[in-house]
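**Q** Here's a sequence, model it:
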Amino acid sequence: MCGILGVVARAPVNQLLYDGLQVLQHRGQDAAGICTVEDDVFHMHKGPGLVRDVFRTRDMRNLRGTSGLAHVRYPTAGSAKNPAEAQPFYVNSPFGIVLAHNGNLTNTAELKDELFRQDLRHLNTNSDSELLLNVLAHELAAQARGAELDVEGIFAAVREVHRRCRGAYAVVAMIAGYGLLAFRDPHGVRPLVYGSNMTDDGVEYLVASESVALDTLGFSLVRDINAGEALFIDFNGSLYTRQCSDTPTRFPCLFEFVYFARPDSVIDGLSVYKTRLAMGQQLAVKMREMGGFDDIDVVIPIPDSSRPSAMELARHLGLDYREGFVKNRYIGRTFIMPGQASRKKSVRQKLNAIASEFEGKNVLLVDDSIVRGTTSREIVQMARDSGARKVYFASAAPPVRYPNVYGIDMPTRDELIASGRDDAQIATEIGVDRLVYQDIESLFRLLSENNQQIDGFEASCFTGCYLTGDITPDYLEALHASRGADSAKAAQQQLDLTLATTD
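**A** The predicted structure follows:
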């Protein structure tokens, strides 16, 4: 999961892109990058770390130009950090192309073989984003054939990218001498929106992963870029769109609404905040049907993304809602930290309990989801250490039982606490008196009711159904083995660092 931005403006865009990355920082904290274009010359700066740490005043001064794109990176968990994989990526043929990508390709082995043996292109990293860039570059070159590239040729190249690439991807790219290109995979898994801003010098356009970036930067939301659709904005500000897939379907990622997206965003016509409220209401309905929760004294959210669901659940059950945990906002998300040991260690650095809200009470903790269970187990113990008599737990999302291969950090079943366990066994594992999960059917229903133009949702981590049709047991086994190797490498690097700092 990453955050991307692309802009064609009438004034320098370095500050605008920096501010946009700050707004999208929740989508990735591993690395950040900005590339601008000035008179067909690219200016780029990128590196590992948070946005505020990557860019200095001298870097910003060098990012000259009135068009550009930007990226915050969220790597596959367990992989060792590689500064070379910070985005955007660049190739100089044809024309010079810079690309930033959110998502994950699933046919990388096939594409690498094609690029090397047929397209005669070389890769410098293992990033599927660089792979996607080279596929796009090859198809643009095929359309140009040594001549000027036109808009129809650009859209034809995107059509070929859709034909060759499988998986989830939202892309922004700049083509030197031409303009900004943005497109979304034929299933529309990863989000992408665009907006406009009218200035005295003309209209400006901004493409972003989430609508919140448009809101905060002063742009008006036009609409989502549709599944399979491409949008091209030339450097003069003319905008063109084209559907580049023969069979587009609209299946946005369900986990965006559960966890990743900011609550003030709107994705595919659905308010993330209202969706999370509805999830809490549906949980309340289920708990009433189940019975046995009459002794709950207080509902407490696990900050931050579970708050709307917890508030609505408490309201519908007629229970008190309290803030029982204080969050240290200077600790990164535990969900996307690469090692189990560092994930466990960071929980108590990240959250601290307000003991008076737990002492002598039966509490219902509400979280957006339970993935590995490590964080949940630690938080439940914090509640008990603070004097809670009973601890109930509600998940606003269904059980996460299957790997996700479309860009979210849950690639192997071994790490998923719900894999191979029923609710009672999971409750025992995380140490709660009782556990309640959202029903997947209810979640589908409440989301579909609010936008009937959506065909469904990418929910493979809940259902085990992979919409690209190419995920086999062998594929998942190979992914599992690869992740194990990456985790061992990351653990060794951490050990080496610890030994170095203690010598």
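**Q** Check the nearest residue to I225 once chain neighbours are set aside and give its pLDDT.
**A** Distance criterion C-beta to C-beta, 6 or more residues apart in numbering; nearest residue to I225, sequence neighbours excluded, is L192 at 4.5 Å. Backbone N, C-alpha and C define where each C-beta goes, glycine included. Confidence at L192, expressed as pLDDT, is 98.
**Q** Render the CA-only coordinates of the helix or strand containing A182 in CSV, please.
**A** In the assignment (DSSP states H and E), A182 maps to strand 179-184. The C-alpha trace of strand 179-184 is given here as CSV (Å, rounded to 0.1, in the frame of the first residue of the first chain):
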residue,chain,number,x,y,z
GLY,A,179,2.4,15.4,-19.9
LEU,A,180,1.0,13.5,-17.0
LEU,A,181,-0.5,10.0,-17.4
ALA,A,182,-2.6,8.3,-14.7
PHE,A,183,-4.4,4.9,-14.9
ARG,A,184,-6.0,2.3,-12.7
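**Q** what pairs with that strand, and is each one parallel or antiparallel?
**A** Using DSSP bridges, the strands paired with strand 179-184 in its sheet are strand 167-175 (antiparallel), strand 229-234 (antiparallel).
**Q** Report the rounded mean pLDDT for the first one.
**A** Over the span of strand 167-175, the pLDDT mean works out to 97.
**Q** cool, stretch 421-433 as well?
**A** Stretch 421-433 comes out at a mean pLDDT of 95.
**Q** ditto for stretch 261-269
**A** The average pLDDT within stretch 261-269 is 95.
**Q** ok now it, how far from the chain's centre?
**A** The gap between where stretch 261-269 is centred and where its chain is centred comes out at 12 Å by C-alpha atoms, centre = their mean, to the nearest Å.
**Q** let's number from 144 now, not from 1
**A** Got it, the first residue is 144 from now on, which makes the last one we talked about stretch 404-412.
**Q** And it, what's buried?
**A** 404-406, 408-411 (16 or more other C-beta atoms under 10 Å).
**Q** which one among those residues gets closest to Q424?
**A** P406 (15.4 Å; C-beta to C-beta).
**Q** Do I have it right that that closest one meets Y416?
**A** Yes: P406 lies in contact with Y416 (C-beta atoms under 8 Å); the separation is 4.1 Å.
**Q** Mind listing the shared neighbours of these two?
**A** Residues touching both P406 and Y416 (C-beta atoms under 8 Å, 6 or more residues apart in numbering): P451.
**Q** what distance separates the start and the end of stretch 254-270?
**A** End-to-end span of stretch 254-270 (C-alpha to C-alpha, to the nearest Å): 12 Å.
**Q** Now do it, average pLDDT.
**A** Average pLDDT, stretch 254-270: 87.
**Q** Going by neighbour count, list what's buried in it.
**A** Neighbour-count burial for stretch 254-270 [16+ other C-beta under 10 Å]: 254-255, 257-258, 262, 264, 266, 270.
**Q** on that earlier part again, what comes into contact with the helix or strand just after the strand holding A325?
**A** Sequence order places strand 336-342 as the next helix or strand after strand 322-327, per DSSP H and E. The contact list for strand 336-342 (C-beta under 8 Å, 6+ apart) reads 152-154, 325, 346-354, 357, 361-368, 374, 409-410.
**Q** Kindly recompute the last result at 7 Å.
**A** Residues from elsewhere that reach strand 336-342 (C-beta atoms under 7 Å, 6 or more residues apart in numbering): 153, 325, 346-351, 354, 357, 361-365, 367-368, 374.
**Q** Then stretch 589-604?
**A** Contacts of stretch 589-604 (C-beta under 7 Å, 6+ apart): 330, 332, 392-398, 400, 411-413, 418, 421, 425, 543, 545, 547, 549, 551, 553, 583, 587, 609-610.
**Q** buried ones in that stretch?
**A** Quick answer for stretch 589-604 (16+ other C-beta under 10 Å): 589-590, 597, 599-604.
**Q** What's the per-residue pLDDT of D639 here?
**A** Looking at D639, its pLDDT reads 45.
**Q** helices and strands of the chain: which one bottoms out on pLDDT?
**A** In the chain, the helix or strand scored least confidently by mean pLDDT, DSSP states H and E is helix 616-645, which has a mean of 58.
**Q** all strands of the stretch 344-493 of the chain, in order?
**A** In the stretch 344-493 of the chain, the segments counted as strands under DSSP state E, counting those that start in this stretch are 345-351, 363-367, 372-377, 382-386, 409-410, 413-414, 441-444, 463-464, 468-470.
**Q** between these, which one is nearest to M454?
**A** M454 lies closest to strand 463-464 among the strands of the stretch 344-493 of the chain, at 5.6 Å (C-beta to C-beta).
**Q** With just CA atoms, put stretch 439-457 into CSV.
**A** Taking C-alpha atoms only, stretch 439-457 is exported to CSV below (Å, rounded to 0.1, in the frame of the first residue of the first chain):
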residue,chain,number,x,y,z
ILE,A,439,-20.7,-4.5,29.5
ASP,A,440,-20.0,-1.2,31.3
VAL,A,441,-18.2,0.8,28.7
VAL,A,442,-17.1,0.7,25.0
ILE,A,443,-13.5,1.7,24.3
PRO,A,444,-11.9,2.1,20.8
ILE,A,445,-8.4,1.1,19.9
PRO,A,446,-7.3,4.3,18.2
ASP,A,447,-7.5,5.6,15.6
SER,A,448,-9.4,4.0,12.7
SER,A,449,-11.9,2.1,15.0
ARG,A,450,-13.4,5.2,16.6
PRO,A,451,-16.3,5.7,14.2
SER,A,452,-17.4,2.1,14.5
ALA,A,453,-17.0,2.1,18.3
MET,A,454,-19.0,5.3,18.7
GLU,A,455,-21.8,4.0,16.6
LEU,A,456,-21.8,0.6,18.3
ALA,A,457,-22.0,2.2,21.7
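**Q** which outside residues touch the strand holding A325?
**A** With contact meaning C-beta under 7 Å, 6+ apart, strand 322-327 is reached by 149, 151, 210, 297, 301, 313-318, 333, 335, 337, 350, 368-378, 387.
**Q** picking up where we left off before, kindly write the ChimeraX command that selects the buried subset of the contacts of strand 336-342.
**A** Buried residues among these (16+ other C-beta under 10 Å), as a ChimeraX selection:
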select :325,347,348,349,350,351,354,357,362,364,367,368,374
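**Q** which ones are touching F375?
**A** Counting by C-beta under 7 Å, 6+ apart, F375 has contacts 294, 297, 322, 324, 383.
**Q** rerun at 8 Å
**A** Contacts of F375 by C-beta under 8 Å, 6+ apart are 294, 297-298, 322-325, 382-384.
**Q** Narrow the residues you listed to just the buried residues.
**A** Using 16+ other C-beta under 10 Å as the burial test, the contacts of F375 include 297-298, 322-325, 382, 384 as buried.
**Q** Point out where this protein drops to low pLDDT.
**A** For the chain, applying pLDDT under 70 flags the ranges 219-224, 473-489, 553-554, 626-646.
**Q** Who's the closest spatial neighbour of Y217, skipping the chain neighbours?
**A** Once flanking residues are discounted, Y217 sits nearest to G171: 3.4 Å by C-beta to C-beta, 6+ apart.
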